[in-house]
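Enquirer: sharing a sequence plus its predicted fold:
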Amino acid sequence: MASESSLTCEALLHAASVKIGGESPRLDAELLLSHVTGLSRTRFRAWPEQSIPADQAEAFEALVRERQSGRPVAHLLGHQEFWSLPLKVSASTLIPRPDTECLVEAALALPLPEDARVVDLGTGTGAIALALASERPGWQITASDAVAAAVDLARENARDLELSVTVVESTWFSGLQPQRFDLIVSNPPYIPEQDEHLALGDVRYEPASALVSGPDGLDDLKMIVEQAPDWLVEGGWLLVEHGYDQAESVAALFRERGFSSIRGMQDYGGRDRLTLGQWLAS
Ligand code: GLN
């Protein structure tokens, strides 16, 4: 039998939360302890006095030290939940954010056919495409990414979750077979090059290719909005995520390109985070 340490799970969690600090220290500590022990977070609350075997306590403390040095919890666990789907993550992609679930909700609310053709540009882990596939099995969903390691990861996630998404290596539209979609979605990089936000938190461990887009953060959004009409059916939709202070600029891009029914939407924190537009060519 493994030797029991004198430490209870509550004592370990308390000490770890103090060390970790930041935005969600208790949650981070619970996720790491759950990972090491195989026990659920509910169990920690129901049974705070449970003692943790010494080897597990040591493994936990090693993870806490890594977290303290700034490594994202998702990288330490190797996965991140998005839309209740357990997604594998790696250092090659953005870690899916809860706010991006608002984009999934907005996409599901659109009046689309049962067999809608949909593409997720810059899919990373596959998060958006897989969430949509889990809700709309009839949709024909393509996901693209410019980074080969992201393409592999998204394919692996699709396989593990048994969801049908076609993942292709492509920089935005350039590598796609000519076709027209009912819906184009994207959470592209949109942080300005010099943004101080890039020196803080998890983004330090994520690839710049998934985060940064030119001096004002709009280079990739401009490219997507410019090219999207050539890939949309009449009446098709473009839905993108962007920075909370970019809503006006993005709406202007949609307007200048000739989109109709342009609408901004907010994330869970009430920040302007999404822009939607419809392509009515005639
Ligand atoms: N919302 C993310 C952040 O601010 C960035 C995501 C992105 O660039 N697409 O950390």
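Expert: Cool, the structure landed.
Enquirer: which helix or strand contains residue 43?
Expert: helix 41-46 (DSSP states H and E).
Enquirer: may I see the buried residues of that helix?
Expert: Neighbour counts over helix 41-46 (16 or more other C-beta atoms under 10 Å) mark residue 44 as buried. Just so you know, the C-beta spots here come from the backbone N, C-alpha and C atoms, and that holds for glycine as well.
Enquirer: renumber starting at 277 from here on
Expert: All right, first residue 277 from here; so that's helix 317-322.
Enquirer: and the strands in the stretch 327-476 of the chain?
Expert: 327-329, 355-358, 361-364, 393-397, 416-421, 442-445, 457-462 (DSSP state E, counting those that start in this stretch).
Enquirer: tell me which of those strands lies nearest to residue 379.
Expert: strand 457-462 (6.3 Å; C-beta to C-beta).
Enquirer: what's the mean pLDDT across the closest one?
Expert: Taken as a whole, strand 457-462 has an average pLDDT of 98.
Enquirer: ok, stretch 477-486 next?
Expert: So the average pLDDT for stretch 477-486 ends up being 94.
Enquirer: and the spatially closest residue to residue 474 that is not a sequence neighbour, how many neighbours does it have?
Expert: Distances taken as C-beta to C-beta, 6 or more residues apart in numbering put residue 467 closest to residue 474, at 6.3 Å, once the chain neighbours are dropped. Neighbour count of residue 467, defined by other C-beta atoms under 10 Å: 18.
Enquirer: can you tell me which residues contact residue 467?
Expert: Contact analysis of residue 467 by C-beta atoms under 8 Å, 6 or more residues apart in numbering lists 473-474, 479, 487-489, 493, 519.
Enquirer: from the centroid of the chain, which residue is nearest?
Expert: residue 372 (2.0 Å; C-alpha atoms, centre = their mean).
Enquirer: quick one: that one from residue 359, how far?
Expert: The gap separating residue 372 from residue 359 is 9 Å, by C-beta to C-beta, to the nearest Å.
Enquirer: again, but for residue 343
Expert: Distance, residue 343 to residue 359, by C-beta to C-beta: 24 Å.
Enquirer: do the same with residue 302
Expert: Distance from residue 302 to residue 359, by C-beta to C-beta: 23 Å.
Enquirer: neighbour count for the two, which is higher?
Expert: Just comparing residue 302 and residue 359: by other C-beta under 10 Å the higher neighbour count belongs to residue 359, 18 against 14.
Enquirer: domain boundaries for the chain, per the record?
Expert: 280-345, 367-555 (automatic domain parsing).
Enquirer: nearest to the ligand, of the ones you listed?
Expert: domain 367-555 (4.5 Å; C-beta to the nearest ligand atom).
Enquirer: first-to-last residue distance for that closest one?
Expert: End-to-end distance for domain 367-555: 36 Å, by C-alpha to C-alpha, to the nearest Å.
Enquirer: contacting residues for the nearest residue to residue 414 once chain neighbours are set aside?
Expert: Spatial nearest neighbour of residue 414, excluding adjacent residues (C-beta to C-beta, 6+ apart): residue 390 at 4.4 Å. By C-beta under 8 Å, 6+ apart, the residues touching residue 390 are 412, 414-415.
Enquirer: by mean pLDDT, show me the worst of the domains of the chain.
Expert: For these, where the average pLDDT is lowest is domain 280-345, sitting at a mean of 94.
Enquirer: wait, does that one contact the ligand?
Expert: No - Domain 280-345 lies out of reach of the ligand by C-beta under 6 Å from any ligand atom, never closer than 12.0 Å.
Enquirer: quick check, distance from that domain to the centre of its chain.
Expert: On the basis of C-alpha atoms, centre = their mean, to the nearest Å, domain 280-345 is displaced by 25 Å from the centre of the chain it belongs to.
Enquirer: show me which residues of the stretch 327-476 of the chain sit near the ligand.
Expert: Counting by C-beta under 6 Å from any ligand atom, the residues of the stretch 327-476 of the chain near the ligand are 370, 373, 463, 465-467.
Enquirer: before I go, just wanted to say thanks for your time.
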